[in-house]
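In: Sharing a sequence plus its predicted fold:
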Amino acid sequence: MIEKLEQSLIKVESIIAALSLFSLLALSLFQIFTRNVFNFGYAEIEIINLNLLVICGAMGAVLATSKLRHIKIDALTAFMKEHHIPLLQCPLALFSAAVCLLMSYHAGIFVMDEWEYAPSNERWALPFTFIYPSGFGLLGLHFLLICFKKPK
């Protein structure tokens, strides 16, 4: 059941990443075309592209974590014997999940503040800010799921 949940999450995250990347590419090409042909561009497209880039990065980090291909900062493994290293997988994943979930909580506070204090002319871009808490939350969830995987 956990494997099925993880595979479903990976599929949804892959779709979000692919759609974000495609939208980023399409909007960038459109912006380049309008600037070069009509000598005109949309400032809103720049804001959307910046946010799409953040979404692509967040989904890339989540997908890398789900495949255990994320950046690891565990200096202890250099000094440990090979058969002891798998014993660290779950404790390190739990610590990473706690950090990511804490970041998700604080990102949620940031998003609520943005919604409350944003000027009315900037509110149209606020839905993009949901990537911060949801990205960290998904990272935390994938780190928790690592504990249920067999160590390699």
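Out: Structure's in. What do you need? Remember, predicted model here, so these are calculated numbers, not experimental data. Numbering: from 1, shown residues only.
In: give the contact list for the most centrally placed residue in the chain.
Out: Among the residues of the chain, the one closest to the centroid is A58, at 2.0 Å (CA atoms, centre = their mean). Applying CB atoms under 8 Å, 6 or more residues apart in numbering to A58 gives the contacts 131-132, 134-135, 138. C-beta coordinates here come from the backbone N, C-alpha and C atoms, glycine included.
In: and if we set it to 6 Å?
Out: Neighbouring residues of A58 by CB atoms under 6 Å, 6 or more residues apart in numbering: 131, 135.
In: which parts of the lengthiest helix in the chain are buried?
Out: If you go by DSSP state H, the chain has its longest helix at helix 2-38. Residues of helix 2-38 classed as buried: 6, 9, 13, 16-17, 20-21, 24, 27, 31 (neighbour count, 16 or more other CB atoms under 10 Å).
In: what's the answer for stretch 123-134, then?
Out: The neighbour-count check on stretch 123-134 (16+ other CB under 10 Å) flags 128-129, 131-134 as buried.
In: Kindly report the same for stretch 109-124.
Out: V111.
In: elements contacting the helix or strand harbouring L101?
Out: Taking DSSP states H and E as the criterion, L101 maps to helix 89-117. If you count contacts as 3 or more CB pairs under 6 Å, 6 or more residues apart in numbering; DSSP states H and E, helix 89-117 packs onto helix 131-146.
In: model confidence over the helix it packs on, on average?
Out: For helix 131-146, the mean per-residue pLDDT is 95.
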